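Trainee: Give me a model of this one.
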Amino acid sequence: MTVRAIGNYDFPSADRQELFGDDELVYVHWQDNPLFCSAAAFRAGRAMTFGDFMAGIVDPWLSSDPDYSPAAVKKWRLDGRDFEPDPQSTLADQGVGHKSLLVFTV
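Mentor: Coordinates of the predicted model:
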C-alpha cells in the first residue's frame, strides 16, 4: 500500500551518527529464532572490542532464551556479507558502522 504525505517530510533523522558522538547504533538479529523475531538496536562505542560488545551487551540480552549459548553461534553476517568477528578487535576496525546489522545463526 502506498503512503502519501500531506506535506514536506524534510527534517534531519533523530538517530543520525553525529548525535551519538563516539558511539553508534548496532543492530543484532538471531536468525530463525521465534523469541527474537527481529533485530534489536544497541548503543555501543566504536572503540569497544567485539568480545566486550558480546559479553557486556549482547550475551545478557540473548541469555533470556534458555537455548542460547555463546559457543553455539555458527555463522555471522555483517550488513549482508559473511563475517568472521575477531573478539580482540574493535567494532570500527571490523567494519561495524552506525546502524550496521549483525545477523547470526546457531
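Trainee: could you pull out the strands for the protein?
Mentor: With DSSP state E as the definition, the chain shows strands at residue ranges 23-30, 40-45, 75-78, 81-83, 100-105.
Trainee: what helices or strands is the first one leaning on?
Mentor: Pointing back at strand 23-30 there. The criterion is 3 or more CB pairs under 8 Å, 6 or more residues apart in numbering; DSSP states H and E, and the helices and strands that strand 23-30 contacts are strand 40-45, strand 100-105. (Glycine included, C-beta is placed from N, CA and C.)
Trainee: Tell me which of these is the most buried.
Mentor: Highest mean neighbour count of these: strand 100-105, a mean of 18 (counted as mean count of other CB atoms under 10 Å).
Trainee: Give me the distance between Ala92 and Phe53.
Mentor: Separation of Ala92 from Phe53 (CB to CB, to the nearest Å): 11 Å.
Trainee: Then Pro70?
Mentor: Pro70 sits 12 Å away from Phe53, taking CB to CB as the criterion.
Trainee: okay, these two: which has more neighbours?
Mentor: Between Pro70 and Phe53, counting by other CB atoms under 10 Å, Phe53 is the more crowded of the two (22 against 12).
Trainee: mean confidence for stretch 4-11?
Mentor: In this model, stretch 4-11 has an average pLDDT of 82.
Trainee: Just the C-alphas of that stretch, formatted as PDB.
Mentor: These are the backbone C-alpha positions of stretch 4-11, laid out as PDB (Å, rounded to 0.1, in the frame of the first residue of the first chain):
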ATOM      1  CA  ARG A   4       1.100   9.700   0.500                       C
ATOM      2  CA  ALA A   5       2.300  12.600   2.700                       C
ATOM      3  CA  ILE A   6       0.200  15.700   3.000                       C
ATOM      4  CA  GLY A   7       3.200  17.900   3.500                       C
ATOM      5  CA  ASN A   8       7.000  18.100   3.200                       C
ATOM      6  CA  TYR A   9       8.900  15.500   5.200                       C
ATOM      7  CA  ASP A  10      12.100  17.400   5.400                       C
ATOM      8  CA  PHE A  11      13.900  17.200   8.700                       C
END
